[in-house]
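Asks: need a structure here:
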Amino acid sequence: KVMSTGEGGIVVTNSEELHKRMSYLRGHAMSPDRRFWHTDVGYNYRLSNLLCAVGVAQLERFGELFSGRRRVIEAYGAALEGHRGARINPRHPWCQPSPWLACVWLPEGTEEALRDEICADLEGMGIETRPFFYPVHTMPPYTGYKFHSADDKPLDQTNTVRNAARGFNIPT
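Replies: Residues are numbered from 1 along each chain as shown. Here you go, the predicted model:
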């Protein structure tokens, strides 16, 4: 998300097996042996030549785009330091995150209403905000599903709900 090709993306691999699988899925997962027969749930993830050109141009500037976003996030961090316990893009010392979004984390236990009040204040100053993504399991199309881990244990979604309520994103 640091660079853009519109609504598509680019995947690079050196695995022939993975390349074949991704190509199959991005072409609607149609059977190579039977026309218009879908053997899996597939997708229409093909980029036009025009959007590929945009992606190549963005890739040529990737270092500039990446470091520019990182500088913006660092500036936000300096400006927010010590302000009501807010933190910007907290991370472990061993990781180097991709600067896609500037994420403001309010202190643990912050209520959604306070987050919304802060966002409204920022909007009033002309600063666009968006809440953290809502947990998928709380959205109407997914409420009837049970979510499980890879080992088929029910997932505890407490942290997901709590974190969604206490954070928001600001422009990068």
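
Asks: alpha carbons only for contacts and neighbour counts from here, please
Replies: Fine.

Asks: not counting the longest helix seen in the chain itself, show me its contacts.
Replies: The single longest helix within the chain, with elements called by DSSP state H, is helix 62-80. If you take CA atoms under 8 Å, 6 or more residues apart in numbering as the criterion, helix 62-80 is touched by 2, 3, 86, 87, 88, 89, 98, 99, 100, 102, 172.

Asks: turn the residues you listed into CSV, columns for distance to residue 51 and pLDDT.
Replies: Converted to CSV, the contacts of helix 62-80 look like this (distance: CA to CA, whole Å; pLDDT from 0 to 100):
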residue, distance to residue 51, pLDDT
2, 15, 77
3, 12, 80
86, 38, 89
87, 36, 90
88, 32, 91
89, 30, 89
98, 22, 84
99, 22, 85
100, 20, 85
102, 26, 92
172, 22, 86
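
Asks: can you pick the most crowded of those residues?
Replies: residue 88 (24 neighbours; other CA atoms under 10 Å).

Asks: restrict stretch 87-102 to CA atoms and write it as PDB.
Replies: What follows is stretch 87-102, C-alpha atoms only, in PDB (Å, rounded to 0.1, in the frame of the first residue of the first chain):
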ATOM      1  CA  ARG A  87       1.300   6.400  20.500                       C
ATOM      2  CA  ILE A  88       1.900   6.300  16.800                       C
ATOM      3  CA  ASN A  89       2.600   2.900  15.100                       C
ATOM      4  CA  PRO A  90       4.000   1.200  18.100                       C
ATOM      5  CA  ARG A  91       6.300  -1.700  17.100                       C
ATOM      6  CA  HIS A  92       8.800  -4.200  18.500                       C
ATOM      7  CA  PRO A  93      12.400  -3.100  18.200                       C
ATOM      8  CA  TRP A  94      13.200  -6.100  16.000                       C
ATOM      9  CA  CYS A  95      10.700  -5.200  13.300                       C
ATOM     10  CA  GLN A  96      10.700  -2.700  10.500                       C
ATOM     11  CA  PRO A  97       7.000  -2.100   9.500                       C
ATOM     12  CA  SER A  98       5.900  -0.900   6.100                       C
ATOM     13  CA  PRO A  99       4.600   2.700   6.600                       C
ATOM     14  CA  TRP A 100       1.200   2.200   5.000                       C
ATOM     15  CA  LEU A 101      -1.000   3.900   7.600                       C
ATOM     16  CA  ALA A 102      -0.200   6.300  10.500                       C
END
